[in-house]
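please work out how this folds:
(chains A and B)
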Amino acid sequence: MTASATTRGLPRAARVAVIAVPLVFLAVFFVYPVLAIVGRGLAPRWSVDLDPLGEVVTDAGLRHIAWFTVWQATLSTVLTLAVGIPGAYVLARCEFPGRRLVRALVTVPFVLPTVVVGSAFVALLGEGGPLASLGLDQTLGAILVAHVFFNYSVVVRTVGSLWSHLDPRPEEAARVLGASRLRTFREVTLPALRPAIAAAGAVVFLFTFTSFGVILILGGPGTATLETEIYRQTAQFLNLPLAAALTVVQLVAIVVLLLLTSWIEGRQRVSLSLRAAAETVRRPRTAGARLFVGANLALMAVLLGVPIGVLVLRSFDTPSGFGLDFYRALGEVHAGSTLFVEPVHAIANSLRFAVAATVIAVVVGGCAAFALASSRRRGLDALVSLPLGVSAVTVGFGFLIALDHAPLDFRGSWWLVPIAQALVAVPFVVRVMTPVLRAIDPRLRDAAATLGASPARVWREVDLPIVARAALVAAGFAFAISLGEFGATVFIIRPDEPTLPVLVYRLLGQPGPLNFGGAMAASVILMGLTALAILGIERFRAGTVGSF
Amino acid sequence: MLQIDSLTVTYEGFTAVDAVDLEIADREIVCILGPSGSGKSSLLRAVAGLEPDAGGRVSWDGDDLARVPAHRRGFGLMFQDHALFPHRDVKGNVAFGLRMQRLPRAEIDARTGDALALVGLTGFEGRRIRELSGGEQQRVALARALAAEPRLLMLDEPLGALDRALRERLVAELRALFVRLGLTTLFVTHDHDEAFALADRLVVMHAGRIEQVGTPAAVWQQPANEFVARFLGWNVTRAFTETPTAVRPEAVRVVEHLEHNGAVGGEVVARTYRRDHFLLGVRVDALSTEADPVHVEVPVDAASIPDVGDRIALAVDAADLVQFD
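So this is what the prediction gives:
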C-alpha cells in the first residue's frame, strides 16, 4: 500500500521540480557559500594556510570567546529548564481561569525578533531603565535573563505537551504505594518526561549557542561569542580569513552538537501510555498547590510581561513627557545621525523584503515538504534543516564572501536579502508543512477515487485544500521570521536600505535620547508587525499543525 | 453481475487474498465473514480498483475491469472508520461523487438532500464532520456512498466503531434500505450477528481463502469444515464419537443419568455467565487423559445450574452431529 502518494497525481515535470527546486536553491545559496567559507578558512589564498585557524586555537582572546560561547549557552539552558519545567507543569496539568490565554501569551517572546528582545532588556536594565541599579547592563547576567525570556516557551511547549498527555495513573499508583510527591516526581514523572526535557534542552542550547542579536545588543566587551566575533572581525576589522576560520570552528561545533542531539534523542525513546490532555488536567485543591500555581503565574507575568511593558512605556517616555515624539522622529534624518535615510523607510524595506522572502520560503520549503512527505529522503531532510542549526550569521557571512564575485556576482542585488531571510525561514516552513502532508489519510484519496475522482482530481480535491491551509500557516511563520531576521541581513544589507531590525541595532549604537527613543519606537513597531503575522497564523491554524 | 476469478492480493510477499472465486448476482446482498486479518478488506479494495497490482480477474456483466481505474468503475466503497473528508462539511462529503459525475448543481442539491433524508440526517448539510457523533458519521459515509448511485455498493466493517445497541438497530435498517433500493451489495464484517442478519448469502473467509459459501441458514446448519464450525462457536470434540465431530452447544443436553442412551459423564471445570444462560465447560471422563483433556461447552438455563466440580451426564442426538472428511 502506498501510504504517501502526495505527489502521485502530479505530472512528471512537477514531480521532478518538487525535488529539484529545493536542491538547486540550497546548493547555490547554502552549500556553496558554506563551502566558500570553509575554503577561505582553510586556504585563504588558494593554497592551504592554517594560520587563521591556528590563531583561533592559540590566541588566548579567541580561546576565551569559544569557551564563553559554550559557557553562556550551558548556563542559559540550565536556567531556562529550571524556570521552564515548573511552568510547563502548571500550564499542562493545572486548571485555572484564563489558562488558554496564558498559554498563548507565554509563546509570544519566542516569535519576537531578537533585536526586540535585546532592546526590551536594554530598556529594562540599561541606563535610565527601572532596573539599571542592578548593574546587569552589558554583563553575562543580562544575556542569561534575555535568553530565559526568549526560550521559556520552548521548554513550556515541548515539555508541557508531553506532560499534558502523560498518563497520571502511574503517578497515582506510586502515591498509593507510599511515595511522597517529590519521590513520585523523581522516580515516575521525571523519567517519563526525560525525552521531552532532553529535546527542549538541545534546542535551547543550540539557539543560545548561536544567539547573535541578543548578545550583540545586550553584551559588553567581555561577552563576545563566536557569532558576534565573526561579525566584528568582518564588519570592523575586515579580517575575512579570521572570520572564516571562526565560522569553520562554529560549523564543526554545531555539527558535533546536532549529531550528539540526535544520538541522545535516539537513546531517550521510551514508549509511554498517553492520555487525552483533558483527562490529565486538575484544579489545584490544596493551599500549597494553589500557591505553586500562583507563584509560577507571577513569575511568568514578571519575566515575560515586564520587559515588553517597559519597552512600550519607554518608547513613549520622551524628554518632554509622554508622547509620540520618538515615533515622529522616525520620519526625519536629524543632525549628527549616521543614517542615510529617514528611518521610516526601514518599515517599507522590511515589509518588501519579508513579502519576497515569504514567497521564496513557501515555494522552496513547500516543494521540499512535498518531496519529504512522498518518501523518506533522509538526506534532503537533513539538508533543509541545516540552515536552522548552522546559524543566520553563517548564512549572511557566506553570502558576503561567496556571492560577490565570479562565478556568482550578485553584489548589490536587492533580492539577496530576501533570499538570505528565506534560507533562515525554510526549515520552519518544512517543519510546519511536512507533518500535515504526511498526515493526509491515504484512505481519503481512495474514497475520492471510488467516488469517481481521477488522480489529478484527487490531488485537487483532497490534497490541495489541506496543503493550502498548511501553506498559509507556514507563510505566516516565514513572514514573521523574515521580518525579524537580523543575523544574516546585517551582513548583506545595503547601508541606505536598512530593515527595521538593522535600524534598531544602529540606533542603539548611537548616543543621545532621541536615538535611544527611536530604537524603542522602531522595536515596538516591529513587535506590532510580528504580532499581526502571528495572529494571522492563529486564524488558519487548524488544531495541530506541526511544531514550533 | 460481479464476477471474481482467482483474485490474488499480495503485500511484500504476504498473500492477503489467495486465488478467490466469487460471483454476486444483481440485487444480491453478499456478506463476507471472517476474523480480522483474513483478507476481507483487501478483497474489497481489489474489487474497487484500489490494489492495482492484484492478480486474477474482476469483471462486471462480463467486462474485464483490469484496465478500468478505481474512479471509472462506478463501485461505491464505504470505508472502515468512514474516511470522511475532514475539510468539507456534510453536504460537501455527500455531494462529492455527484460533482465528479459533473451533474448540474440543482440535481446535486436534490440528490444530496435525498441521500441525507434516506439516512435520517435531513438538515445536517452545513455541519462539520468533527462535530458529528460516531453514528452520525457512519450515516454520512453511507449517504456519500449511496448518493453516487453505485452499481455495486461495498461496505468495509461500516458498523465496527459503533456501540452494540446502535449496531443492532442499524443492521436491520441497512438491510431494509438495501432491499428497498434494490442495491447489489458486498458487505464485510467479523461480527456473526451482523452477517447473519444482513446477508442473502454468506462467504466465510480465512487466511485469504474462502472456506464456505451459502445462505446463512445453510452455513449455520452445516459448517463445511472445522474452521467454520469453530468460528461459528460450535463444539468440535471427540466427546461423543471416535473422531472429532462438530456439535452446536445448544444441541448438547444435561441428562439425569449416565444410563441415558449414548450419554457421557464428565466434571464441570468452568462456569461463565452469558446474557441469558450459563455456559459450562465440561471435562469428559471417558476420553480424557492428563495430556489431552476433552472439553465440551454446554449452555444451561436457570432451572438447574451445576457448580464447578459437580459431576454431570451429557447427551446429544446423533442427527445434531456434523462430521467432516
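
would you tell me which residues of chain A are close to chain B?
Within chain A, the positions adjacent to chain B are A:1, A:441, A:443-444, A:446-455, A:457-458, A:461-462, A:465-466, A:469 by C-beta under 8 Å from any C-beta of the partner chain. C-betas here are computed from N, CA, C, even on glycine.

run the last query once more with 7 Å
Residues of chain A lying near chain B by C-beta under 7 Å from any C-beta of the partner chain: A:1, A:441, A:443-444, A:446-454, A:457, A:462, A:465-466.

now, of the residues you listed, which are buried?
Among the residues of chain A next to chain B, those buried by neighbour count (16 or more other C-beta atoms under 10 Å in any protein chain shown) are A:441, A:443-444, A:446-454, A:457, A:462, A:466.

so which elements touch the helix or strand hosting A:Gly536?
Secondary structure assignment for A:Gly536, by DSSP states H and E: helix A:513-540. Packed against helix A:513-540 by the contact rule (3 or more C-beta pairs under 7 Å, 6 or more residues apart in numbering or on different chains; DSSP states H and E) you find helix A:114-125, helix A:306-316, helix A:325-329, helix A:464-484, helix A:500-508.

the strands in chain A, which residues?
All strands of chain A, identified by DSSP state E, fall at A:317-318, A:321-322, A:404-405, A:408-409.

swap in the stretch 1-150 of chain B?
Secondary structure of the stretch 1-150 of chain B (DSSP state E, counting those that start in this stretch): strands at B:2-11, B:14-24, B:29-33, B:55-60, B:63-64, B:75-78.

those strands into a markdown table, with extra columns for distance to chain A?
Below are the strands of the stretch 1-150 of chain B laid out as a markdown table (distance: least, C-beta to the nearest C-beta, whole Å):
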| stretch | distance to chain A |
| --- | --- |
| strand B:2-11 | 7 |
| strand B:14-24 | 10 |
| strand B:29-33 | 17 |
| strand B:55-60 | 14 |
| strand B:63-64 | 18 |
| strand B:75-78 | 4 |
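
export the ones you listed to CSV and tack on mean pLDDT, distance to B:Leu118 and mean neighbour count?
Below are the strands of the stretch 1-150 of chain B laid out as CSV (pLDDT from 0 to 100; distance: least, C-beta to C-beta, whole Å; neighbours: other C-beta atoms under 10 Å in any protein chain shown):
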stretch, mean pLDDT, distance to B:Leu118, mean neighbour count
strand B:2-11, 93, 23, 18
strand B:14-24, 93, 22, 17
strand B:29-33, 95, 17, 24
strand B:55-60, 93, 24, 17
strand B:63-64, 93, 29, 11
strand B:75-78, 91, 14, 27
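
relative to helix A:464-484, how tilted is the helix holding A:Gly536?
Using axes from the mean of the first three to the mean of the last three C-alpha atoms, to 10 degrees, the inter-axis angle of helix A:513-540 relative to helix A:464-484 is 170 degrees.

could you check the angle helix A:500-508 makes with helix A:513-540?
Comparing the axes of helix A:513-540 and helix A:500-508 via the same axes, to 10 degrees yields an angle of 160 degrees.

on that earlier part again, point out the most buried one among the helices and strands packed on helix A:513-540.
Highest mean neighbour count among the helices and strands packed on helix A:513-540 (mean count of other C-beta atoms under 10 Å in any protein chain shown): helix A:114-125, with a mean of 28.

could you check the angle it makes with helix A:500-508?
When the same axes, to 10 degrees is applied, the directions of helix A:114-125 and helix A:500-508 differ by 30 degrees.

off-centre distance for the helix holding A:Gly536?
In terms of C-alpha atoms, centre = their mean, to the nearest Å, the centre of helix A:513-540 is set 16 Å apart from its chain centre.

circling back to that earlier point, just the strands of chain A: most buried one?
When the strands of chain A are compared using mean count of other C-beta under 10 Å, strand A:317-318 is most buried, at a mean of 18.

tell me the strands beside it, with direction?
Using DSSP bridges, strand A:317-318 pairs in its sheet with strand A:321-322 (antiparallel).

quick check: which ranges of the stretch 151-300 of chain A have low pLDDT?
A:265-266, A:268-273 (pLDDT under 70).

all helices for it, in order.
A:169-176, A:181-184, A:190-209, A:213-218, A:226-235, A:240-268, A:277-280, A:287-300 (DSSP state H, counting those that start in this stretch).

got the angle between the fifth one and helix A:190-209?
Meaning helix A:226-235. 10 degrees.

grab the nearest non-local neighbour of the residue located most distally from the centre of chain A.
In chain A, the residue that sits farthest from the middle, by C-alpha atoms, centre = their mean, is A:Gly452; the gap is 44.5 Å. Once flanking residues are discounted, A:Gly452 sits nearest to B:Met100: 3.5 Å by C-beta to C-beta, 6 or more residues apart in numbering or on different chains.

touching, the one you found and A:Leu451? I think so.
Yes. B:Met100 lies in contact with A:Leu451 (C-beta atoms under 7 Å); the separation is 5.7 Å.

for chain A, see how far away the nearest residue to B:Gly182 once chain neighbours are set aside is.
In space, and not counting its chain neighbours, B:Gly182 is closest to B:Arg27: 5.1 Å by C-beta to C-beta, 6+ apart. Per C-beta to the nearest C-beta, to the nearest Å, B:Arg27 is found 20 Å from chain A.

so which helix or strand takes in B:Val296?
Applying DSSP H and E as the criterion places B:Val296 in strand B:295-300.

chain center to that strand, what's the gap?
25 Å.

may I see the buried residues of stretch A:95-103?
Across stretch A:95-103, burial judged by 16+ other C-beta under 10 Å covers A:Arg99, A:Val102.

okay, how far is it across it, tip to tip?
12 Å (C-alpha to C-alpha, to the nearest Å).

residues touching it, excluding its own?
Stretch A:95-103 is contacted from outside by A:Leu91, A:Val281, A:Arg282, A:Arg283, A:Val293, A:Leu297, A:Met300, using C-beta atoms under 7 Å, 6 or more residues apart in numbering or on different chains.

which SS class is B:Val213?
Using DSSP: H, G, I helix; E, B strand; the rest coil, the structure places B:Val213 in strand.

just the element for the nearest residue to it once chain neighbours are set aside, please.
Once flanking residues are discounted, B:Val213 sits nearest to B:Val203: 5.2 Å by C-beta to C-beta, 6+ apart. Assessed by DSSP H and E, B:Val203 sits inside strand B:201-206.
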